[in-house]
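Chemist: sequence and predicted structure, then a few things I'm wondering about:
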Amino acid sequence: MFSLERLRALDAVAVHGSLARAASALHITPSGVSQQLAKLERESGHTLLEPHGRGVRLTHAGRVLAGHAARVVGQLAEAESDLADLGDEILGPLRLGGVGSSLRALLPDVLAGLTRAHPRLTVTVVDGEAVDMVPLLLRGELDLLLIESWHSRPMPLPEGLHLRTLAVEDVHVALAEDHPLAGRPWLDLSELDGAVWASCPAGTEPYEALVQALRVRGLEPQVRYTVTEYATQLAFVARGLTAALVPEMAQRLCPPGVRFVPVRPALRREVRAAWRAHADSPSVRACVAALLADVADGSDPRGGAAGPDAAG
């Protein structure tokens with residue numbers, strides 16, 4: 001009979017890829033994880049880990065047992081969630097993260113309503129880029145993320161996440177109002193050959209989507225203004241220093257002197273809620289339901305139009 005805690009340690013190593021990250025997710029020391037796995041090896045009669053570079057990786061037997069461990073841990077999480085659902089009150093911590101433009105556009109009203117309805121719910125929010133925050137979600141340091149995926153460069157996501165589309169929105173080129181193309185009803189990005197661009201840092205979804213959108217038109221982007229916040233990017237645009245690709249949510253707080261020009265072929269960004277399949281808690285479900293309801297009541301008919309899907 002395998003110990004549940006040892007199976008949980010094996011599952012954590014399989015999910016997070018190292019003893020240190022597994023220990024962080026389980027809130028124990030790396031030596032504690034090693035001890036649990038050593039006992040599991042004795043119980044199973046198989047070597048479960050082998051050296052790999054400076055770390056370790058699962059052996060074939062380890063991967064086989066890890067698959068069973070994942071199912072056991074998942075069923076336990078479902079049982080805990082079902083028991084939590086027996087109560088009517090949504091309470092405890094709800095740790096949220098996401099890109100700034102979607103947080104600002106979607107969360108304030110939703111969280112105000114949730115905390116009024118459930119006063120014992122404790123919400124924390126952090127902003128950042130999806131490339132940095134998805135690992136936090138996988139490690140259990142966050143409960144729910146608002147992530148973006150640009151259609152010109154869909155975001156790759158690991159297995160084990162539940163996803164729900166909240167909004168699909170157009171992305172426009174932001175130009176200074178005195179730019180020669182600012183008065184156009186639409187433009188092709190190939191017409192901006194030689195333009196200086198502003199974008200979020202390299203490796204983020206907006207940056208990689210900009211690079212991909214320009215390279216398919218034979219252009220190599222000159223990204224000279226690397227700025228996380230769209231509001232700051234737009235301040236540079238307003239002074240005629242740069243162009244930027246800006247989704248509709250980020251256009252709401254715009255300084256004077258900027259024009260947004262549609263692009264053909266159209267560029268679009270999808271905003272999704274993401275959470276771990278094994279952490280489908282009542283508070284997460286309540287927040288996702290409130291987000292969907294808020295988007296459905298808004299003016300954008302495409303918000304939440306796509307149904308739920310899953311990665312993994």
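Modeler: Good, I have the coordinates.
Chemist: how close does the closest residue to residue 273 other than its chain neighbours get to residue 115?
Modeler: Excluding the flanking residues, the one nearest residue 273 by Cβ to Cβ, 6 or more residues apart in numbering is residue 164, at 4.6 Å. (Each C-beta comes from the backbone N, C-alpha and C, glycine too.) Distance from residue 164 to residue 115, counting by Cβ to Cβ, to the nearest Å: 21 Å.
Chemist: and the two? Which one has more around it.
Modeler: Shown here are residue 164 and residue 115; by other Cβ atoms under 10 Å, residue 164 has more neighbours (18 against 14).
Chemist: what's opposite the residue nearest to residue 273 in the beta bridge?
Modeler: With DSSP bridges as the criterion, residue 164 is bridged to residue 273, residue 308.
Chemist: distance-wise, check it relative to residue 208.
Modeler: Distance, residue 164 to residue 208, using Cβ to Cβ: 23 Å.
Chemist: same question for residue 32.
Modeler: From residue 32 across to residue 208, the span is 38 Å (Cβ to Cβ).
Chemist: the helices in the stretch 201-312 of the chain, which residues?
Modeler: All helices of the stretch 201-312 of the chain, identified by DSSP state H, counting those that start in this stretch, fall at 205-215, 230-238, 282-297.
Chemist: so where's the longest helix in the chain?
Modeler: The longest helix of the chain (DSSP state H) is helix 60-85.
Chemist: now do the buried residues in that helix.
Modeler: By 16 or more other Cβ atoms under 10 Å, the buried positions in helix 60-85 come out as 62, 65, 66, 69, 70, 72, 73, 74, 77, 81.
Chemist: with adjacent residues omitted, what lies nearest to the first one?
Modeler: What sits nearest to residue 62 in space, not counting adjacent residues and going by Cβ to Cβ, 6+ apart, is residue 48, at 3.7 Å.
Chemist: what's around the one you found, how many residues?
Modeler: Residue 48 has 23 nearby residues by other Cβ under 10 Å.
Chemist: residue 64 is in contact with that one, correct?
Modeler: No: Residue 48 is beyond contact range of residue 64, at 9.4 Å (criterion: Cβ atoms under 8 Å).
Chemist: find the centremost residue of the chain, please.
Modeler: The chain has residue 147 as the residue nearest its centroid, 3.4 Å off, counting by Cα atoms, centre = their mean.
Chemist: the longest helix of the chain - what's its average pLDDT?
Modeler: Across helix 60-85, the average pLDDT comes to 81.
Chemist: one more: stretch 7-17?
Modeler: Rounded mean pLDDT across stretch 7-17 is 89.
Chemist: where does the stretch 101-250 of the chain dip in pLDDT?
Modeler: Low-confidence segments of the stretch 101-250 of the chain (pLDDT under 70): none present.
Chemist: if we use 90, what do you get?
Modeler: Confidence mapping of the stretch 101-250 of the chain against pLDDT under 90 gives the ranges 101, 120, 129-132, 139-140, 151-160.
Chemist: show me where it has strands.
Modeler: For the stretch 101-250 of the chain, applying DSSP state E, counting those that start in this stretch gives strands covering 121-127, 144-150, 161-176, 196-199, 222-226, 243-247.
Chemist: possible to save those as JSON lines with distance to residue 38?
Modeler: Output for the strands of the stretch 101-250 of the chain, formatted as JSON lines (distance: least, Cβ to Cβ, whole Å):
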{"stretch": "strand 121-127", "distance to residue 38": "36"}
{"stretch": "strand 144-150", "distance to residue 38": "34"}
{"stretch": "strand 161-176", "distance to residue 38": "31"}
{"stretch": "strand 196-199", "distance to residue 38": "48"}
{"stretch": "strand 222-226", "distance to residue 38": "46"}
{"stretch": "strand 243-247", "distance to residue 38": "50"}
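Chemist: tell me which of those sits nearest to residue 42.
Modeler: Comparing the strands of the stretch 101-250 of the chain against residue 42 with Cβ to Cβ, the closest turns out to be strand 161-176 (33.6 Å).
Chemist: tell me how this structure divides into domains.
Modeler: Per automatic domain parsing, the domain ranges recorded for the chain read 4-85, 92-168+269-311, 169-268.
Chemist: pLDDT wise, what is residue 302 at?
Modeler: Looking at residue 302, the pLDDT reads 39.
Chemist: rewinding a little: now for the residue nearest to the centre of the chain: which residues touch it?
Modeler: Counting by Cβ atoms under 8 Å, 6 or more residues apart in numbering, residue 147 makes contact with 98, 99, 130, 133, 134, 155, 157, 205, 271, 272, 274.
Chemist: list just the nearest of these to residue 41.
Modeler: Comparing the contacts of residue 147 against residue 41 with Cβ to Cβ places residue 134 closest, at 30.7 Å.
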